[in-house]
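**Q** this is a predicted model, with the sequence first.
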Amino acid sequence: MLILECPYCGVMADETDLHGGGEAHLKRFGPGSSDDDFETYLFHRKNPKGVHFERWRHVSGCGKWFHAARNTMTLEVYGTYSAQTTEPPKAIVNAVKKKHPEWEGWT
Amino acid sequence: MRRYSAFAIAREAARYHQGWERAWASPKPKKKYDVVIVGAGGHGLATAFYLGKNFGITNVAIIEKGWLGGGNTGRNTTIIRSNYLQDPSAAIYEKARSLYETMSQDLNYNVMFSPRGVMMLAQTEHEVRGYERTAHANALQGVKTEFISPQRVKELVPIMNINGPRYPVLGALWQARAGTARHDAVAWGYARACSDMGMDIIQKCEVTGVRQSGGKVTGIDTTQGQIDCDKLAMVVAGNAGHLAEMAGFRLPMESVALQALVSEPIKPCIDVVVMANTVHGYMSQSDKGELVIGGGTDGFNNYTQRGSFHHIEETVRALVETFPIISRLKMLRQWGGIVDVTGDRSPIIGKTPLGNCFINCGWGTGGFKSIPGSGWAMAETVAKGEPGSLAAEFGLNRFTEGRFIDESVAAGVAH
Ligand SMILES: Cc1cc2nc3c(=O)[nH]c(=O)nc-3n(C[C@H](O)[C@H](O)[C@H](O)COP(=O)(O)OP(=O)(O)OC[C@H]3O[C@@H](n4cnc5c(N)ncnc54)[C@H](O)[C@@H]3O)c2cc1C
Ligand SMILES: [Zn+2]
């Protein structure tokens, strides 16, 4: 079972206490943007085979949204972090790099 | 190719089965093909088959990183039905269902198609309304279905508890000509027919790069070297996003694990397929006597072909509630497949940003039933360079245009 530490309340939460929210750090486009940008924002996903940054909600706990860095091939978790950011923090990026020196980094 | 027949069995029985030939060849890749298909699952193989059969294109290679049929095609619970709500879906799934009826004859390979009937239970008022609407839509589409009463449900499936405390059975959408088929046989039958037409099925060969110049694909890099092609067809289900990334574009799709399990074999107790969407339980009985059970999808991206245990628990709980007699059964095996779920839960067949590269994916949790129809439509798309009437609505452009094919029934569950 997937276990993630909620960065707000510190609880090690089971998958059944959490709700996945999909790819994190999407660049949002609204009214007035081009069709392509709007489509990309709404539907296109990186869906990587490997390191993935994603949104999670601690539904059966504090109820807050947070972010997690996880590997979709090995299911390892590199860390969780606050949702109040538009890109993964340095510490998380370093944690991934340490395990996978060949990883190209977050883009 | 030596045909299979009752006579062949008798002949081989008389000579200790020494004369059976290999069902398909295992060639080394050539330098170049007219069409290269990536993915030897049902959809890739059916595409190849109809390229040859309907369009006479046989200089074709099917490239498979594992073994043919080892992806979702060999991992699914084999439900075949065509009782969809939207016209484009009903058209392609009904085409597929009708092709399944004659597939064993067409391929000279017994795919064990069993039109035993599929029943989708309505266990809330909302579902009753939804399925009545689908039955009316099906009548207009020429797909024979009917909404049946709880009593009729009980007659068809005596082991079902229709008066459960949580969700009593209020009726069901019944498609008598739906059913199941043997999943491996579908892949093997197509592979044998494709090999017989002179196509190369290349297994244990992973595509690692897509070569291109001037907005067109020129070939692929694989673990068995470079292979050039005039046209490329990507038919790799859960790995579609990964392959598209190699080719430099993104898809409106994510990959998640979907599970299934089978029980120990028991005597025949259920001779139709039952789907209970509200409680998430799907069950049929295989010829070996095992109960074949479809589970749910995980709520996060995953490429591991395993699923979370708590989903099995949910599935089994729902089934014990629906079929109390199975409560003492042991479960024998459990496995997962990586399914390709699109933004509107409907499949993608059509062109890509690269001129001579075509894609077929997004069948998600329910694309075994569509294999022959999808192959038919994909072959036409690849051969002509433009989608025909079956595929037209399923192009990638529907996401730009907001023209979704909203099949609410294509939930994140095995069916
Ligand atoms: C547990 C489960 C239950 C299901 N139940 C049902 C059901 O009851 N009814 C139904 O209709 N559908 C069901 N489905 C869905 C159905 O199985 C799929 O939609 C269908 O089999 C997809 O076929 P495919 O040929 O597109 O993909 P696959 O069979 O997965 O074939 C794709 C192939 O591409 C290969 N590949 C991937 N990447 C590469 C690469 N880079 N290079 C070379 N080869 C590559 C893979 O190895 C694989 O063999 C279920 C799925 C699962 C997982
Ligand atoms: Zn919390």
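**A** Ah, there it is. Numbers count the residues shown, from 1 in each chain, chains lettered A, B, ... in the order given. Ligands and ions are numbered 1, 2, ... in the order given.
**Q** and B:Ala193, helix, strand or coil?
**A** helix (DSSP: H, G, I helix; E, B strand; the rest coil).
**Q** can you tell me how far the residue nearest to it when sequence neighbours are not counted is from B:Arg345?
**A** Spatial nearest neighbour of B:Ala193, excluding adjacent residues (C-beta to C-beta, 6 or more residues apart in numbering or on different chains): B:Leu107 at 5.1 Å. In short, each C-beta sits where N, CA and C put it, glycine included. Going from B:Leu107 to B:Arg345 by C-beta to C-beta, to the nearest Å gives 30 Å.
**Q** more neighbours, the two?
**A** Shown here are B:Leu107 and B:Arg345; by other C-beta atoms under 10 Å in any protein chain shown, B:Leu107 has more neighbours (22 against 19).
**Q** and the contacts of stretch B:303-313?
**A** A:1-2, A:15-16, A:49, A:72-75, B:75, B:238-239, B:242, B:255, B:257-259, B:261, B:295-298, B:331, B:334-338 (C-beta atoms under 8 Å, 6 or more residues apart in numbering or on different chains).
**Q** buried subset of the residues you listed as a PyMOL selection?
**A** A single PyMOL command suffices to select whichever of these are buried according to 16 or more other C-beta atoms under 10 Å in any protein chain shown:
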select buried, (chain A and resi 2+15+49+72) or (chain B and resi 75+238+239+242+255+257+258+259+261+295+296+297+298+334+335+336+337+338)
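**Q** give the contact list for B:Leu291.
**A** B:Val262, B:Ser263, B:Ile266, B:Ile270, B:Met283, B:Ser284, B:Gln285, B:Ile326, B:Leu329.
**Q** report pLDDT for the residue lying closest to it once chain neighbours are set aside.
**A** Here the nearest residue to B:Leu291 in space, its sequence neighbours aside, is B:Ser263; by C-beta to C-beta, 6+ apart that works out to 4.2 Å. pLDDT recorded at B:Ser263 is 97.
**Q** excluding chain neighbours, give the residue nearest to residue 100 in space.
**A** By default, I'm working from chain A. A:Val51 (6.9 Å).
**Q** sorry, I should have been clearer: chain B.
**A** B:Phe113 (4.9 Å).
**Q** B:Asp344 and B:Gly388, how far apart?
**A** B:Asp344 is 21 Å from B:Gly388, by C-beta to C-beta.
**Q** pull the contacting residues for the residue nearest to B:Leu291.
**A** Applying C-beta under 8 Å, 6+ apart, we find B:Ser263 in contact with B:Glu290, B:Leu291, B:Ile293, B:Ile326, B:Leu329, B:Lys330, B:Met331, B:Leu332.
**Q** got any ranges where chain B has weak pLDDT?
**A** B:408-415 (pLDDT under 70).
**Q** do you know the pLDDT at whatever residue of chain A ends up closest to ligand 1?
**A** Nearest to ligand 1, among the residues of chain A, is A:Lys49, at 9.5 Å (C-beta to the nearest ligand atom). For A:Lys49, the model assigns a pLDDT of 95.
**Q** helix or strand for it, which one?
**A** Under the assignment given by DSSP states H and E, A:Lys49 is not contained in any helix or strand.
**Q** contacts only, for it.
**A** A:Thr72, A:Met73, B:Asn239, B:Gly241, B:His242, B:Tyr303.
**Q** try it again at 6 Å.
**A** The neighbours of A:Lys49, taking C-beta atoms under 6 Å, 6 or more residues apart in numbering or on different chains as the test, are A:Met73, B:His242, B:Tyr303.
**Q** OK, contacts around the first one?
**A** Right, the one you point to is A:Met73. A:Met73 neighbours (C-beta under 6 Å, 6+ apart): A:Lys49, A:Gly50, B:Tyr303.
**Q** circling back to that earlier point, quick one: which of the contacts of B:Leu291 sit in strands?
**A** B:Val262, B:Ser263, B:Met283, B:Ser284, B:Gln285 (DSSP state E).
**Q** what about the fourth one, how many residues nearby?
**A** I take that to be B:Ser284. Neighbour tally, B:Ser284, other C-beta under 10 Å: 23.
**Q** is it in a bridge, and if so with what?
**A** B:Val292 (DSSP bridges).
**Q** test my guess that it contacts B:Val273.
**A** Yes: applying C-beta atoms under 6 Å as the test, B:Ser284 and B:Val273 come out as touching, 4.2 Å apart.
**Q** mind checking if stretch B:159-177 is in reach of ligand 1?
**A** No: Stretch B:159-177 lies out of reach of ligand 1 by C-beta under 6 Å from any ligand atom, never closer than 13.1 Å.
**Q** what's the end-to-end length of that stretch?
**A** 21 Å (C-alpha to C-alpha, to the nearest Å).
**Q** rewinding a little: could I get the contacts of A:Met73 as a markdown table with distance to B:Lys30?
**A** Formatted as a markdown table, those follow (distance: C-beta to C-beta, whole Å):
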| residue | distance to B:Lys30 |
| --- | --- |
| A:Lys49 | 28 |
| A:Gly50 | 32 |
| B:Tyr303 | 30 |
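**Q** around ligand 2, which positions in chain A sit nearby?
**A** For chain A, the residues in contact with ligand 2 (C-beta under 5 Å from the ion) are A:Cys6, A:Tyr8, A:Cys9, A:His58, A:Gly61, A:Cys62.
**Q** tell me the pLDDT of the third one.
**A** The pLDDT attached to A:Cys9 in the predicted structure is 97.
**Q** how many neighbouring residues does the closest residue to B:Ser149 other than its chain neighbours have?
**A** Taking C-beta to C-beta, 6+ apart, and ignoring the residues beside it in sequence, B:Ser149 has B:Gly171 as its nearest neighbour in space, at 5.8 Å. Residues within reach of B:Gly171, counting by other C-beta under 10 Å, total 22.
**Q** dump the residue contacts of B:Gly171.
**A** Per C-beta under 6 Å, 6+ apart, neighbours of B:Gly171: B:Ala122, B:Val128, B:Phe147, B:Ser149.
**Q** ok, and what's touching stretch B:370-390?
**A** B:42-43, B:46-47, B:50-51, B:54-55, B:92-93, B:95-96, B:99, B:231, B:233, B:349-350, B:358, B:360, B:391.
**Q** over to stretch B:188-208?
**A** B:1, B:23-25, B:27, B:29, B:38, B:40, B:45-46, B:48-49, B:52, B:58, B:60-65, B:67-68, B:107, B:109, B:111, B:220-224.
**Q** and for stretch B:118-132?
**A** Outside of stretch B:118-132, the residues within contact range by C-beta under 6 Å, 6+ apart are B:81, B:147, B:167, B:169-175, B:178, B:272-276, B:278.
**Q** quick check: phi and psi on A:Ala69?
**A** A:Ala69 has phi and psi values of phi -110, psi 120 when expressed as degrees, to the nearest 10.
**Q** now do the same contact list for it.
**A** A:Phe53, A:Tyr78, A:Gly79, A:Ile92.
**Q** tell me if B:Leu232 really is in a strand.
**A** Yes: counting by three-state DSSP, B:Leu232 is found in a strand.
**Q** that one bridge partners, please.
**A** B:Leu232 has these beta-bridge partners by DSSP bridges: B:Val36, B:Cys357.
**Q** any idea how far B:Leu99 is from it?
**A** 25 Å.
**Q** neighbour count: these two, which is higher?
**A** The neighbour comparison of B:Leu232 against B:Leu99 (other C-beta under 10 Å) goes to B:Leu232, with 30 against 19.
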